[in-house]
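Enquirer: take this sequence and fold it.
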Amino acid sequence: MKLEAQVALAPRTTLGVGGAAAHYARVESDADLRTALAYAREHDLGVQVLGGGSNVVVPDAGCAGLVIEMATRGIALTERGGELEVRVAAGEPWDDFVARLIKRGYQGLECLSGIPGRVGATPIQNVGAYGQDVSETIDAVQTFDRVSGVDRIFSARECHFAYRDSFFKRHAGGRYVVTHVTFRLRPDANPTIRYPELQRELAQRGLTRPSLVNVRDTVLQLRRRKSMVLDATDPNSRSCGSFFVNPVLHARELSEFLARAAGVGSVPQFTQPDGRVKLSAGWLIEQAGFPRGTRDGAVGLSSKHALALVAYEGARANDVRRLAQRIQLGVQSRFGVLLEPEPIFW
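Expert: Residues are numbered from 1 along each chain as shown. Below you'll find the predicted structure:
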């Protein structure tokens, strides 16, 4: 394990803001991880775990403790009961992993193409897009328990997955470091096509019986149109992707919201399996007076998607936080709905 001092973090995040890490360790094995955590304990250092840096806002002051970059690699494939069990190291780049399994003809991840980051972050947020969530295929999550000092494996049930949520996000408080994720994928199965926008795009392309590769290519095209793939030539892509979670309301909350939204026009609503209704955060933002392309100094909303906050040249983390809070207050004042940020503020 190589330990470094005063390592700039902004270039290691997709948002590109924030200060330096006082201590930085790139771990390439489980043994490295234990060594790094032991170093932090011995020197009484706080710990932050960094993957691909696509879902984090680093403060301008940086991090006084130890930042651990998960760079472990490894994919193990096992056939079990007609399905493919895939055990993946946390540091594997997510989209490379997805592309590899789709190329081999395994179904379950095709709509999650183009999402930046690394595998270990996906169960924490229950990453999802275009009608598919990782919780649909995750079989187990292996972690290192920083309190007990031993490995612990969580079954999918124990992860308590919910919409953009999990046990790790809500209740663990950084106690568990994800080291491996095990997925169960199906060979030669039909792709998941339940998202209306994806259905329309496939129909327009004349793909009545799309393959997994067709769906991946279509999802990537949809994401590119919204600047939701990493592209150094696109200034809109210097972001965390979707900055706010789409709010999900109970019946009474929905009634109160609709009363406030009267006269605005057609409200996008999506009924969930538990009876609650999901709203479009992007729609709320625009209707609250923050159109696409809104600028606030060196930060702003993407010109292609109101849900993405973009950091331009000279942006600082405090600028991002200020605009995010302005949007939250604006939406809450107009509609009575508090938007929850999707990225983690260190």
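Enquirer: hey, let's count contacts and neighbours off CA atoms from now on
Expert: Noted.
Enquirer: and the residue nearest the centre of this structure?
Expert: Centroid-nearest residue in the chain, with C-alpha atoms, centre = their mean: residue 127, separated by 5.2 Å.
Enquirer: wait, that residue touches residue 133, no?
Expert: Yes - using C-alpha atoms under 8 Å, residue 127 is in contact with residue 133, at 5.8 Å.
Enquirer: can you tell me how far the residue located most distally from the centre of the chain is from residue 287?
Expert: The outermost residue of the chain relative to its centre, with distances by C-alpha atoms, centre = their mean, is residue 263 at 33.5 Å. Distance, residue 263 to residue 287, by C-alpha to C-alpha, to the nearest Å: 11 Å.
Enquirer: count the neighbours of residue 266 for me.
Expert: Residue 266 has 8 neighbours, counted by other C-alpha atoms under 10 Å.
Enquirer: any idea how far it lies from residue 229?
Expert: Separation of residue 266 from residue 229 (C-alpha to C-alpha): 29 Å.
Enquirer: equivalent analysis for residue 323, please.
Expert: 22 Å.
Enquirer: these two: which is more packed in?
Expert: Remark: of residue 323 and residue 229, residue 229 carries more neighbours, 22 against 18, as counted by other C-alpha under 10 Å.
Enquirer: give me the phi and psi for that one.
Expert: Here is the backbone geometry of residue 229 (degrees, to the nearest 10): phi -130, psi 150.
Enquirer: and it, what pLDDT?
Expert: At residue 229, the predicted lDDT confidence score is 91.
Enquirer: pretty sure it sits against residue 222.
Expert: No - the criterion here is C-alpha under 8 Å, and residue 229 misses it with residue 222 at 9.5 Å.
Enquirer: just how off-centre is the helix or strand where residue 97 lies within its chain?
Expert: Counting by DSSP states H and E, the element that carries residue 97 is helix 94-103. Put simply, helix 94-103 sits 17 Å off its chain's centre (C-alpha atoms, centre = their mean, to the nearest Å).
Enquirer: please identify the buried residues of it?
Expert: 94, 95, 97, 98, 99, 101, 102 (16 or more other C-alpha atoms under 10 Å).
Enquirer: could you dump those residues into TSV with pLDDT added?
Expert: Listed next are the buried residues of helix 94-103 as TSV, based on pLDDT from 0 to 100:
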residue	pLDDT
94	98
95	98
97	98
98	98
99	98
101	97
102	97
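Enquirer: just those now: which is nearest residue 47?
Expert: Residue 47 lies nearest to residue 94 out of the buried residues of helix 94-103, by C-alpha to C-alpha, at 23.0 Å.
Enquirer: which residues touch that closest one?
Expert: Residues in contact with residue 94 (C-alpha atoms under 8 Å, 6 or more residues apart in numbering) are 115, 116, 117, 118, 119.
Enquirer: the third one and residue 56 touch, don't they?
Expert: So that's residue 117. No - if you go by C-alpha under 8 Å, residue 117 and residue 56 don't touch, sitting 10.5 Å apart.
Enquirer: quick one: strands adjacent to the helix or strand harbouring residue 184?
Expert: In the assignment (DSSP H and E), residue 184 maps to strand 176-187. In the sheet, strand 176-187 lines up against strand 83-89 (antiparallel), strand 106-107 (antiparallel), strand 138-145 (antiparallel) (DSSP bridges).
Enquirer: and residue 286, how far is that from residue 226?
Expert: Using C-alpha to C-alpha, residue 286 is found at 15 Å from residue 226.
Enquirer: likewise for residue 322?
Expert: To residue 226, residue 322 is 23 Å away according to C-alpha to C-alpha.
Enquirer: repeat for residue 192
Expert: When distance is defined by C-alpha to C-alpha, residue 192 is 21 Å away from residue 226.
Enquirer: ok, now residue 183?
Expert: For residue 183, the distance to residue 226 equals 28 Å [C-alpha to C-alpha].
Enquirer: these two: who's more crowded?
Expert: Between residue 183 and residue 226, residue 183 has the larger neighbour count (other C-alpha under 10 Å), namely 23 against 18.
Enquirer: quick check, the more buried one in contact with residue 85.
Expert: Yes - between residue 183 and residue 85 there is a contact at 5.8 Å, judged by C-alpha under 8 Å.
Enquirer: among the buried residues of helix 94-103, find me the one that's closest to residue 75.
Expert: Distance to residue 75, by C-alpha to C-alpha, is smallest for residue 97 among the buried residues of helix 94-103, at 8.5 Å.
Enquirer: okay, now the unreliable bits of the stretch 201-346 of the chain?
Expert: Within the stretch 201-346 of the chain, no stretch falls below the threshold (pLDDT under 70).
Enquirer: hey, where'd the strands end up in it?
Expert: Counting by DSSP state E, counting those that start in this stretch, the stretch 201-346 of the chain has these strands, from start to end: 239-242, 244-245, 248-249, 269-271, 277-279, 295-296, 299-301, 308-311, 340-341, 344-345.
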